[in-house]
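Enquirer: What follows is a predicted structure for the sequence shown.
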Amino acid sequence: MCVCVFFLKTIVVVFQQVRRMSSSNGTRRKVSKLHHFNNMVALDQDTQTEILSLFKKVRTYVKPSSGEWCIPDPNAALRHSAEEHCRLQDLKVLLNDVKNQLSDKNVQVWHQHTNSTNRAGKVIATVRSAANAEICTQAWCKFYEILGTFDLLPEEALQNGELNTVHLCEAPGAFITSLNHYIKTSDSTRYCDWSWAANTLNPYHEANGGSTTIADDRLIANTLPWWFFGSDNTGNIMLQKHLLELQAFVANMRRVDLVTADGSFDCQENPDEQEALVASLHYCEVTAALLLLSPGGSFVLKMFTLYEHTSVCLLYLLNCCFHSVNVFKPATSKAGNSEVYVICLNYDGKEAVRPLLSKLIRNYGPHMADRETLFPKSLLPESFLKQHEEVSSYFHALQVRTITENLQLFKGMSAEQKQHLDYIRDCTAQEYLQRFQVSFLPRSRWVSRNTVSPACCSISAGRPLGQKKQTGSFNERRELQTLSWRERIERGCHATEIKRHRVEFLVDSWYVIVGAALPAVRNSAVCDGGLLNHLNEALMDTRLDWTLTPPCASCSVAFAASILSEVAGLCVYPGSSEEKKKQRQCLVFGSSHVWGENQHENLAITFSAEPCLPQRGCVLLHDGEPLYQQQLLACVVSSLQTLNSGDALLLPMLSALTRVTAAIVLCLHVCFRSVTFRCPPPSGVVGSVLVCVGFCAEAAARILPVLTNVQDSMGQLQVMQFVPMDELLTGGLTEFLLTMNSEILKQRLHLLMQS
């Protein structure tokens with residue numbers, strides 16, 4: 001009965017709020033500053049307090065009136081060794097002692113448990129249902145909470161009706177879609193002219209590792225012109241040249257009002273040192289924000305614990321550059337983790353920090369925090385250090401309390417405890433909707449509204465996200481690291497598939513992107529990331545040479561004669577008797593020794609030299625070696641120039657992991673009536689064989705100029721891409737490439753396991 005009364009009163013209050021909003025004539029929303037006791041009259045005092053406390057986890061630095069918090073002499077910056085802060089290090093040791101109690105817990109079981117105890121655990125589903133939010137993830141809810149809690153959007157921007165924002169380390173883009181939702185549904189911002197730009201590690205760059213790259217490209221695929229990946233196409237914001245290029249990328253913005261930085265690394269295999277591992281990234285993000293922001297602008301930075309000297313210096317610098325600095329733990333951020341957001345308001349402007357900023361830019365890079373410390377401890381005011389210790393102690397206590405509670409509840413929860421937790425979770429979700437006035441937004445007003453069909457629905461739906469799947473406990477995962485790659489495969493989630501090795505079965509807008517040579521192919525938009533990681537690890541074994549791996553006796557190898565017979569049958573078209581008798585040509589790239597001198601009545605077979613396999617030293621490049629790509633493209637161009645309508649092509653292909661080789665498959669798809677693959681291929685062929693039947697001369701005539709242009713570009717730098725991603729990852733091609741690459745990798749791993 002109590003629950004029913006609560007929800008009934010909630011509906012009444014929401015209705016009253018909507019009426020007040022509709023008559024407010026655009027008054028700026030600040031409801032997050034209000035307490036919602038009137039919405040919780042049905043709750044007891046303890047429950048009210050518990051729910052409201054979830055939204056009050058914030059600490060604000062208070063600058064002394066004496067003005068002693070000022071930017072130190074730049075000559076003293078980045079010149080001294082780091083010094084530990086004893087009291088902060090004590091907090092680190094105590095926290096790690098508590099976290100170490102989780103080392104024997106199965107990660108999936110533990111996550112399921114903490115999800116059930118998370119007071120804000122129902123917020124995401126509730127918002128999805130009520131608001132029709134685009135990419136409604138935990139990040140979306142956290143940022144919407146930040147927007148509703150702080151005056152993040154500068155008053156000047158809102159008065160001028162022009163808002164410009166830059167989002168660093170932003171994939172998959174939930175901060176952008178959250179901000180869009182806020183702008184489109186808030187009275188004070190709904191008529192604001194908003195421009196944005198974003199940066200992240202390019203999910204399409206093959207050398208970007210899976211532990212740092214977010215593969216979810218739902219927004220990226222639909223909004224590519226707004227994303228900055230830099231001159232080398234990696235999107236690595238920790239490169240100095242990219243910092244300066246990003247400044248030029250957003251130069252069309254009259255001013256930059258907001259910068260967000262939500263970056264992190266996968267530190268789950270070394271969680272005790274998460275803060276130190278991400279320190280250089282945080283330095284780079286802060287330097288970028290100080291360079292890009294206009295006076296009065298705001299900055300949101302995701303951090304973790306604040307115990308290391310790198311974090312102390314960074315927080316002091318931000319306090320010297322902004323009028324207000326707050327450390328905030330959103331209710332929608334899981335209370336048991338170390339994540340906090342540093343909210344910086346009202347930037348003094350880069351003129352005030354220019355000498356130091358110039359030095360930061362000169363020392364900018366991936367090891368920025370590994371060298372000398374930003375400021376020596378002697379230059380940090382005692383008043384600041386005292387406040388910083390209080391801030392760190394506050395969030396330390398919150399995290400320890402949550403982990404301790406979860407450990408106690410993990411031993412067993414009574415029915416009454418479960419019922420109470422579930423009730424709190426329901427109430428928290430409703431409080432979130434009311435506190436931040438979350439409203440429904442039609443799909444037509446989403447960020448990606450103009451290109452919903454081709455990419456948003458088809459690309460990410462078929463593409464595996466390739467993120468590292470965690471299983472077992474932390475101790476078990478550490479034990480796995482001591483095993484060989486073979487043993488890790490045998491214990492991993494792909495073991496059964498590898499052992500079974502089953503075999504299942506626009507041109508005018510294209511442009512060439514070139515870049516530095518790939519060091520390795522560690523990531524692919526059209527391949528299972530886990531399989532690729534396994535194969536790369538296996539190929540690091542110097543005792544193995546995959547180019548000489550003998551076939552497996554148990555594998556069902558495709559026979560050359562059967563493939564040629566199939567091609568001959570497919571080349572016979574329905575129609576006149578004269579057309580049926582017409583002999584077709586089949587161009588085979590490969591040795592006649594492999595394919596045999598098979599002749600068919602309606603098929604004339606011509607042999608040509610196949611592309612050479614990458615050298616042993618380029619083993620991790622797979623199909624990313626420039627020479628291999630040049631030869632493969634030359635084979636395709638030669639085919640399109642010599643074949644006649646209705647002819648066929650058999651092309652061995654090592655794999656199609658890179659954007660270039662995937663685009664070559666797309667071109668063949670355009671030029672032939674059907675394209676299939678055979679894996680395992682005939683004995684003597686490595687990778688797969690593309691079987692292309694029904695050549696179309698008219699389509700080839702449109703494709704050939706593009707491919708010859710790509711050939712010319714290959715003589716300079718490495719070609720990274722020549723077909724736009726939204727065309728490359730559309731429709732059935734994505735599934736075809738995913739299937740083919742997976743079969744090739746599983747087959748190769750299977751053979752390596754046998755050798």
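Expert: On my side now, so go ahead. Numbering: from 1, shown residues only.
Enquirer: Which residue ranges of the stretch 601-750 of the chain form helices?
Expert: Assigned by DSSP state H, counting those that start in this stretch, the stretch 601-750 of the chain shows helices spanning 626-642, 659-671, 697-713, 725-728, 732-754.
Enquirer: any idea which of those helices scores lowest on pLDDT?
Expert: Least confidently modelled of the helices of the stretch 601-750 of the chain is helix 725-728, at a mean of 86 by mean pLDDT.
Enquirer: about what we covered before: need the winner for burial among the helices of the stretch 601-750 of the chain.
Expert: Greatest average neighbour count among the helices of the stretch 601-750 of the chain goes to helix 659-671 (a mean of 24), per mean count of other Cβ atoms under 10 Å. Where C-beta positions appear, they are placed from N, C-alpha and C, glycine not excepted.
Enquirer: That one: how far from the chain's middle?
Expert: Distance, stretch centre to chain centre, for helix 659-671: 25 Å (Cα atoms, centre = their mean, to the nearest Å).
Enquirer: ditto for stretch 676-685
Expert: Centroid separation for stretch 676-685 versus its chain: 34 Å, with Cα atoms, centre = their mean.
Enquirer: Minimum distance to Val98: which of the helices of the stretch 601-750 of the chain has it?
Expert: Each of the helices of the stretch 601-750 of the chain was scored for nearness to Val98 using Cβ to Cβ, and the closest is helix 732-754 (39.9 Å).
Enquirer: Determine the set of other helices and strands touching that closest one.
Expert: Where contact means 3 or more Cβ pairs under 8 Å, 6 or more residues apart in numbering; DSSP states H and E, helix 732-754 is packed against helix 459-462, helix 485-491, helix 495-500, helix 529-539, helix 659-671, strand 672-678, strand 688-695.
Enquirer: how about TSV for those, with distance to Leu587 added?
Expert: As requested, the helices and strands packed on helix 732-754 are exported to TSV (distance: least, Cβ to Cβ, whole Å):
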stretch	distance to Leu587
helix 459-462	31
helix 485-491	38
helix 495-500	33
helix 529-539	30
helix 659-671	12
strand 672-678	12
strand 688-695	9
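Enquirer: between the ones you listed, which gets nearest to Met238?
Expert: For those, proximity to Met238 was assessed by Cβ to Cβ; helix 529-539 is nearest, at 21.7 Å.
Enquirer: quick one: the closest one to helix 732-754, angle?
Expert: Interaxial angle, helix 529-539 versus helix 732-754 (axes from the mean of the first three to the mean of the last three Cα atoms, to 10 degrees): 30 degrees.
Enquirer: what inclination does the helix or strand that helix 529-539 is followed by have with respect to strand 672-678?
Expert: Counting by DSSP states H and E, the element after helix 529-539 in chain order, helix or strand, is helix 560-570. Counting by the same axes, to 10 degrees, helix 560-570 lies at 160 degrees to strand 672-678.
Enquirer: For beta bridges, what are the partners of Phe672?
Expert: Beta-bridge partners for Phe672, by DSSP bridges, are Phe695.
Enquirer: pLDDT value on it, please?
Expert: With respect to pLDDT, Phe672 scores 94.
Enquirer: need the contact list for it.
Expert: Leu649, Cys692, Val693, Gly694, Phe695, Cys696 (Cβ atoms under 8 Å, 6 or more residues apart in numbering).
Enquirer: Same check on Gln721?
Expert: Counted by Cβ under 8 Å, 6+ apart, Gln721 has contacts Tyr204, Asn233, Val512, Ile513, Arg659, Val660, Ala663, Leu728.
Enquirer: Kindly reformat those residues as JSON lines and extend each row with distance to Gln138.
Expert: Compiled in JSON lines, these are given as follows (distance: Cβ to Cβ, whole Å):
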{"residue": "Tyr204", "distance to Gln138": "24"}
{"residue": "Asn233", "distance to Gln138": "29"}
{"residue": "Val512", "distance to Gln138": "38"}
{"residue": "Ile513", "distance to Gln138": "33"}
{"residue": "Arg659", "distance to Gln138": "30"}
{"residue": "Val660", "distance to Gln138": "35"}
{"residue": "Ala663", "distance to Gln138": "35"}
{"residue": "Leu728", "distance to Gln138": "30"}
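Enquirer: Okay, Ile744 and Ser383: tell me how far apart.
Expert: Counting by Cβ to Cβ, to the nearest Å, the separation of Ile744 from Ser383 is 63 Å.
Enquirer: meant to ask about Asp422
Expert: 45 Å.
Enquirer: Then His113?
Expert: 42 Å.
Enquirer: Give me the neighbour count for Val594.
Expert: Val594 is flanked by 16 other residues according to other Cβ atoms under 10 Å.
Enquirer: ditto for Lys56
Expert: Counted with other Cβ under 10 Å, the burial measure for Lys56 works out to 11 neighbours.
Enquirer: The one 5 residues further on too?
Expert: Using other Cβ under 10 Å, Tyr61 has 21 neighbouring residues.
Enquirer: Could you pull up the residues touching it?
Expert: Leu315, Asn319, Val325, Asn326, Phe384, Gln387, His388, Val391.
Enquirer: If we use 7 Å, what do you get?
Expert: Asn319, Val325, Gln387 (Cβ atoms under 7 Å, 6 or more residues apart in numbering).
Enquirer: Helix, strand or coil: sort out the second one for me.
Expert: Okay, so that is Val325. Following DSSP: H, G, I helix; E, B strand; the rest coil, we place Val325 in the strand state.
Enquirer: For the contacts of Phe672, which two are the farthest from each other?
Expert: Within those, two members stand farthest from each other by Cβ to Cβ: Leu649 and Cys696, at 11.9 Å.
Enquirer: neighbour-wise, which of these two wins?
Expert: Taking neighbours as other Cβ under 10 Å, Leu649 and Cys696 compare with Leu649 leading, 25 against 18.
Enquirer: nearest residue to the more buried one other than its sequence neighbours?
Expert: Distance criterion Cβ to Cβ, 6 or more residues apart in numbering; nearest residue to Leu649, sequence neighbours excluded, is Cys692 at 4.1 Å.
Enquirer: these two touch, right, that neighbour and Met653?
Expert: No - the pair Cys692 / Met653 is not scored as a contact, 10.9 Å apart, by Cβ atoms under 7 Å.
Enquirer: domain ranges for the protein?
Expert: 2-200+235-447, 485-754 (automatic domain parsing).
Enquirer: what about the last one, how long is it end to end?
Expert: This points to domain 485-754. Start-to-end span of domain 485-754 (Cα to Cα, to the nearest Å) is 13 Å.
Enquirer: Quick one: distance of that domain to the chain centre.
Expert: 27 Å.
Enquirer: Kindly report the same for stretch 93-111.
Expert: Relative to the centre of its chain, stretch 93-111 is centred 26 Å away, using Cα atoms, centre = their mean.
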